[in-house]
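Chemist: I would like to see how this sequence folds:
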Amino acid sequence: MTPDPPALRPRTFPDRTSLGRAAAADVAAELRERLARQDRVRMVFAAAPSQQEMLTALREADGIDWTRVEAFHMDEYLDLPAEAPQRFANWLRSAIFDHLPFAGAHLIQPGPDPERTAQDYAAALAAGPIDIVCLGIGQNGHLAFNDPPVADLEDPLDVKVVELDDVCRRQQVDDECFDSLDDVPHRAITLTIPRLLAADRLFCVVPGAAKRDAVEKALTEPVSARHPATALRTHPDVTLYVDADSAPRSTAAEADR
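Modeler: The predicted structure follows:
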């Protein structure tokens, strides 16, 4: 069967720095526009090295009243000490949350009952619409921690506990977040794909050669849980940012300036 045509087109940049700056400028513009017409903006952030350049540039954006921006994040490891730097709550605090006067930064704190934590976080998300999601794509095509073995494009849950597959766990070592595969947790809490896609606007930042295959599959494979990032093509307003290393081979030479 011929894959359905992609509903999103990548914006290609020469390198990670220019990609991050462009994505941050677009997110900042979206925030300013929304804050001009609504009291508060609610947004979700991914925590990953791929997001660093974008978040650094976003911290420096002018004209944003962060006291009216409510922040969430999309996943968190289980079975790590609360102070572990690999915990996504801690990473995001260092990358952006502690630098800006957010109206609130809702951290996933797994505690002794992760299932209850997932339910409570789902309720916090559901307290109002999510305006913006800043996300990436994993090497196995995952969105948040919705790996191919556990991804469900029609998941009835908003937040759940999942088992991480080996490709996902290996990526954490390749990204130098952990020293060895044995150190990477096997479980996490994640927002589900339907919960992510319920947001109004998605900004997907995917630099690096290790992500090229995942980007190509997201754009060309049939939409299915085999390649979770294909679900982005079902959303009406996604911008995909890639650099020369992650761009599909057919477009890698056509970089934005």
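Chemist: Please make it C-alpha for all contacts and neighbour counts, starting now.
Modeler: OK.
Chemist: In this protein, where's the longest helix?
Modeler: helix 16-35 (DSSP state H).
Chemist: which residues are contacting the helix or strand just after that one?
Modeler: Next helix or strand after helix 16-35 toward the C-terminus (DSSP states H and E): strand 41-45. Strand 41-45 is touched from outside by 31, 34-35, 68-74, 128-135, with contacts defined as Cα atoms under 8 Å, 6 or more residues apart in numbering.
Chemist: Return the set of buried residues in the longest helix of the chain.
Modeler: 16-25, 27-32, 35 (16 or more other Cα atoms under 10 Å).
Chemist: and that helix, how far from the chain's centre?
Modeler: 15 Å (Cα atoms, centre = their mean, to the nearest Å).
Chemist: for stretch 135-152, same thing?
Modeler: 10 Å.
Chemist: Check stretch 11-29 too.
Modeler: Centroid displacement of stretch 11-29 relative to its chain, using Cα atoms, centre = their mean, is 15 Å.
Chemist: mind saving the C-alpha coords of that stretch as CSV?
Modeler: Provided in CSV are the C-alpha atoms of stretch 11-29 (Å, rounded to 0.1, in the frame of the first residue of the first chain):
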residue,chain,number,x,y,z
ARG,A,11,12.0,23.4,7.9
THR,A,12,15.6,22.6,7.4
PHE,A,13,18.5,24.6,8.9
PRO,A,14,22.3,24.3,8.5
ASP,A,15,23.0,23.4,12.1
ARG,A,16,21.5,22.9,15.6
THR,A,17,22.1,26.5,16.7
SER,A,18,20.3,28.0,13.8
LEU,A,19,17.5,25.4,14.1
GLY,A,20,17.1,26.2,17.8
ARG,A,21,17.0,29.9,17.3
ALA,A,22,14.4,29.6,14.6
ALA,A,23,12.2,27.3,16.6
ALA,A,24,12.5,29.5,19.7
ALA,A,25,11.5,32.6,17.6
ASP,A,26,8.4,30.8,16.4
VAL,A,27,7.4,29.6,19.8
ALA,A,28,8.0,33.1,21.2
ALA,A,29,5.8,34.6,18.5
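Chemist: Identify the spatial nearest neighbour of residue 63, chain neighbours not counted.
Modeler: residue 32 (6.9 Å; Cα to Cα, 6 or more residues apart in numbering).
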